[in-house]
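Asker: kindly generate the corresponding structure for this input.
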Amino acid sequence: MPLKVSQRGAIPPFIAMDVMQAAAEREAEQKAVFHLEVGQPGTPAPQGVLDAARRALDENRLGYTVAMGIPELREAIAAHYARTYGVDLDPGRVFVTTGSSAGFVLSFLGAFDPGDRVAMASPGYPCYRSILTAFGIEPVLLLTEAEHRFQPTPELLEKAAAEGGRIDGLIVASPSNPTGTMIGPAEMSALTDYCRAHDMRFVSDEIYHGLTYVGSATTALSFDESAVIINSFSKYFSMTGWRLGWMVVPEDMTRAVECMAQNLFISAPTLSQIAGVAAFDCEEELTANIAKYAANRELLLRELPKAGFDRLAPVDGALYVYADVAELTNDSLSFCRRILNETGVAITPGVDFDPDRGHRYVRFSFAESVEQVTGAAAALIDWPR
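Answerer: As a prediction, this is how the structure comes out:
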């Protein structure tokens with residue numbers, strides 16, 4: 001009789017990573033690939049971060065840290081909130097995590113119980129619903145449209161509660177993945193007000209803060225002290241492989257999150273933590289990176305319509321262009337596979353982000369170098385259909 005395999009693993013794959021694997025296999029065959037499939041910054045980690053890491057390797061034993069992270073990094077993060085948002089944040093509420101992924105795990109475990117119902121926009125980051133499902137928590141998908149700027153609204157929450165019953169939490173992302181749209185201050189205030197009035201925990205994914213092209217991003221921390229904030233060094237700081245992120249945790253959750261962090265992760269990578277302190281002193285280099293992403297964004301918005309991709313979501317921030325391709329295909333998965341095979345351009349099918357309507361959407365990332373983005377645009381324009 002075969003041994004039991006837990007049903008917690010019966011969740012969908014992260015298709016963007018599958019596309020990345022297919023692209024790597026094509027590269028191994030010495031075929032050209034243009035990487036527009038994942039939000040992997042084409043810029044390196046800041047020089048100050050690299051220098052700090054080298055010093056740490058020479059000087060530090062790199063043992064465990066406390067589960068919450070080294071005090072110097074937590075203080076630097078708190079200072080970042082004061083400087084960037086005007087928010088006075090106690091470093092005791094800051095938890096350093098192994099990337100934002102560990103932050104999602106800790107926040108979902110700390111805020112919700114099995115059987116709870118948690119809402120989020122669809123299209124949205126697929127790992128939210130997969131992690132929740134693995135924990136026995138029900139994802140409630142709010143089918144957002146262009147008229148909502150692909151973001152949740154109190155009206156959509158009200159409708160979902162009327163149709164399915166009580167909702168225990170809301171996850172928002174601004175700027176969002178895959179659409180790049182942002183929630184403005186008035187809309188953020190309305191959402192946090194709604195959640196407080198209905199005793200719903202508010203979880204704000206802010207990993208694309210800093211990567212904005214139309215105005216500045218708003219932190220939920222300015223509106224709701226009980227919100228859980230997730231952020232990361234991966235995107236704005238170009239430190240994906242360093243696996244370093246952080247959470248801002250409300251006081252009523254701090255001990256629970258600390259205990260779970262101790263048991264599940266022990267601590268975030270020590271080398272990354274030490275180097276991460278220096279990241280906040282690299283503003284000039286990081287600003288130059290944003291200029292490169294902005295140029296890539298403009299290039300795609302200009303060139304994609306020439307290739308037949310002319311129904312695009314607003315790109316306020318993040319690293320993506322989300323395109324409605326219903327006039328080109330009704331099977332985005334096969335469509336993306338065909339594009340990779342015939343042009344070498346790797347993009348992600350919308351079914352990764354929207355299981356209901358994603359068959360008619362695709363996502364382009366402009367995180368890579370200008371050479372990659374320029375080559376991809378040219379290949380798509382020349383692609384014979």
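
Asker: and residue 26, how far is that from residue 341?
Answerer: For residue 26, the distance to residue 341 equals 8 Å [C-beta to C-beta, to the nearest Å]. C-beta coordinates here come from the backbone N, C-alpha and C atoms, glycine included.

Asker: please say which of those two ends up with more neighbours.
Answerer: residue 26 (16 against 11; other C-beta atoms under 10 Å).

Asker: list the contacts of the nearest residue in space to that one that is not next to it in sequence.
Answerer: Among residues not flanking residue 26 along the chain, residue 33 sits closest, at 5.3 Å (C-beta to C-beta, 6 or more residues apart in numbering). When contacts are counted by C-beta atoms under 8 Å, 6 or more residues apart in numbering, residue 33 touches 23, 26-27, 340, 344-346.

Asker: just the buried members of the residues you listed?
Answerer: Neighbour-count burial (16 or more other C-beta atoms under 10 Å) applied to those gives 23, 26, 340, 344-346.

Asker: and of the residues you listed, the nearest to residue 223?
Answerer: residue 346 (38.0 Å; C-beta to C-beta).

Asker: is the closest one bridged to anything, and to what?
Answerer: Residues in a beta bridge with residue 346, per DSSP bridges, are residue 35.

Asker: gap between residue 373 and residue 364?
Answerer: 9 Å.

Asker: between the two, what contacts are shared?
Answerer: Here residue 373 and residue 364 share the contacting residues 36, 300, scored by C-beta under 8 Å, 6+ apart.

Asker: other residues contacting the helix or strand that contains residue 372?
Answerer: Assessed by DSSP states H and E, residue 372 sits inside helix 370-382. Identification of contacts with helix 370-382 by C-beta under 8 Å, 6+ apart yields 32, 34-36, 42, 292, 295-296, 299-300, 303-304, 306-307, 309, 339, 343-345, 364, 366.

Asker: switch the cut-off to 6 Å
Answerer: For helix 370-382, the external contacting residues (C-beta atoms under 6 Å, 6 or more residues apart in numbering) are 34-36, 296, 299, 303, 306-307, 343, 345, 366.

Asker: most surrounded residue in those?
Answerer: When the contacts of helix 370-382 are compared by neighbour count (other C-beta under 10 Å), residue 36 ends up highest, at 30 neighbours.

Asker: that one reaches residue 366, doesn't it?
Answerer: No. Counting by C-beta atoms under 6 Å, residue 36 sits too far from residue 366 to count as a contact (7.2 Å).

Asker: tell me if residue 96 really is in a helix.
Answerer: No. Using DSSP: H, G, I helix; E, B strand; the rest coil, the assignment for residue 96 is strand, not a helix.

Asker: could you report the neighbour count for residue 361?
Answerer: Around residue 361 there are 25 other residues, counting by other C-beta under 10 Å.

Asker: mind listing what it touches?
Answerer: Residues counted as contacts of residue 361 (C-beta under 6 Å, 6+ apart) are 324, 350.

Asker: any idea of the pLDDT on it?
Answerer: For residue 361, the pLDDT comes out at 96.

Asker: and it, what are its phi and psi?
Answerer: Note on residue 361: backbone dihedrals following degrees, to the nearest 10 are phi -130, psi 150.

Asker: any idea how far residue 354 is from it?
Answerer: When distance is defined by C-beta to C-beta, residue 361 is 7 Å away from residue 354.

Asker: can you point out the buried residues in stretch 214-224?
Answerer: In stretch 214-224, counting by 16+ other C-beta under 10 Å, buried: 217-224.

Asker: meant to ask about stretch 294-312, not that
Answerer: 296-297, 299-300, 303-304, 307, 309, 311-312.

Asker: kindly check the end-to-end length of that stretch for me.
Answerer: 16 Å (C-alpha to C-alpha, to the nearest Å).

Asker: show me what that stretch is in contact with.
Answerer: Under C-beta under 6 Å, 6+ apart, the answer for stretch 294-312 is 213, 315, 321, 323-324, 364, 366, 370, 373, 377, 380-381.

Asker: now name the helix or strand holding residue 321.
Answerer: Using DSSP H and E, residue 321 falls in strand 320-324.

Asker: okay, the angle between whichever helix or strand comes after that strand and strand 320-324?
Answerer: As assigned by DSSP H and E, the chain's next helix or strand after strand 320-324 is helix 332-343. In terms of direction (axes from the mean of the first three to the mean of the last three C-alpha atoms, to 10 degrees), helix 332-343 departs from strand 320-324 by 110 degrees.

Asker: and helix 332-343, how far from the chain's centre?
Answerer: Helix 332-343 sits 24 Å away from the centroid of its parent chain (C-alpha atoms, centre = their mean, to the nearest Å).

Asker: that helix packs against which elements?
Answerer: Judged by 3 or more C-beta pairs under 6 Å, 6 or more residues apart in numbering; DSSP states H and E, the packing partners of helix 332-343 are strand 348-349.

Asker: state the mean pLDDT of stretch 60-79.
Answerer: Stretch 60-79 comes out at a mean pLDDT of 95.

Asker: quick check: buried residues in that stretch?
Answerer: By neighbour count on 16+ other C-beta under 10 Å, the buried set for stretch 60-79 is 65, 67-70, 73-74, 76-78.

Asker: dump those into a markdown table; add secondary structure and distance to residue 145 as well.
Answerer: Compiled in a markdown table, the buried residues of stretch 60-79 are given as follows (DSSP: H, G, I helix; E, B strand; the rest coil; distance: C-beta to C-beta, whole Å):
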| residue | secondary structure | distance to residue 145 |
| --- | --- | --- |
| 65 | coil | 45 |
| 67 | coil | 41 |
| 68 | coil | 40 |
| 69 | coil | 39 |
| 70 | coil | 44 |
| 73 | helix | 40 |
| 74 | helix | 40 |
| 76 | helix | 40 |
| 77 | helix | 35 |
| 78 | helix | 38 |
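
Asker: got JSON lines for those, with distance to residue 335 too?
Answerer: Converted to JSON lines, those look like this (distance: C-beta to C-beta, whole Å):
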{"residue": "65", "distance to residue 335": "46"}
{"residue": "67", "distance to residue 335": "44"}
{"residue": "68", "distance to residue 335": "45"}
{"residue": "69", "distance to residue 335": "43"}
{"residue": "70", "distance to residue 335": "46"}
{"residue": "73", "distance to residue 335": "43"}
{"residue": "74", "distance to residue 335": "45"}
{"residue": "76", "distance to residue 335": "44"}
{"residue": "77", "distance to residue 335": "41"}
{"residue": "78", "distance to residue 335": "45"}
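
Asker: good, wrapping up.
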